[in-house]
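**Student:** Quick one: sequence plus predicted model below, questions after.
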Amino acid sequence: MTKVSVELDKELVEIARLKSKSLNQTISQQIEVWATVGQILEENPDLTYEFVKDAIRSNTQKSLGQLEPFSFG
């Protein structure tokens, strides 16, 4: 992945720093999550934030092999 540098508001970076520590991730990872959620919500205005957050979490769990098969009935 190619990395680029961008200038961000100091207050935004500080908020990301606090949030990233509580979630055990880097500041960059936290800002990437926010950007991903924002992009998905812009492209799908009928979806709720909670739905998008849960979908991202489920996708991550799937990629890590942490989901269990679900059987109906």
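**Tutor:** Noted; the coordinates are in hand. Numbers count the residues shown, from 1 in each chain.
**Student:** The strand or helix carrying Lys62 - contacts with which helices or strands?
**Tutor:** Taking DSSP states H and E as the criterion, Lys62 maps to helix 49-63. Packed against helix 49-63, as judged by 3 or more C-beta pairs under 8 Å, 6 or more residues apart in numbering; DSSP states H and E, are the following elements: helix 27-43. Where you see a C-beta, it was placed from the backbone N, CA and C, and this is true even at glycine.
**Student:** now for the helix it packs on, which elements pack on it?
**Tutor:** Using 3+ C-beta pairs under 8 Å, 6+ apart, helix 27-43 sits against helix 10-22, helix 49-63.
**Student:** swap the cut-off to 6 Å and go again
**Tutor:** Counting contacts by 3 or more C-beta pairs under 6 Å, 6 or more residues apart in numbering; DSSP states H and E, helix 27-43 packs against helix 10-22.
**Student:** How far does the helix it packs on sit from its chain's centre?
**Tutor:** 14 Å (C-alpha atoms, centre = their mean, to the nearest Å).
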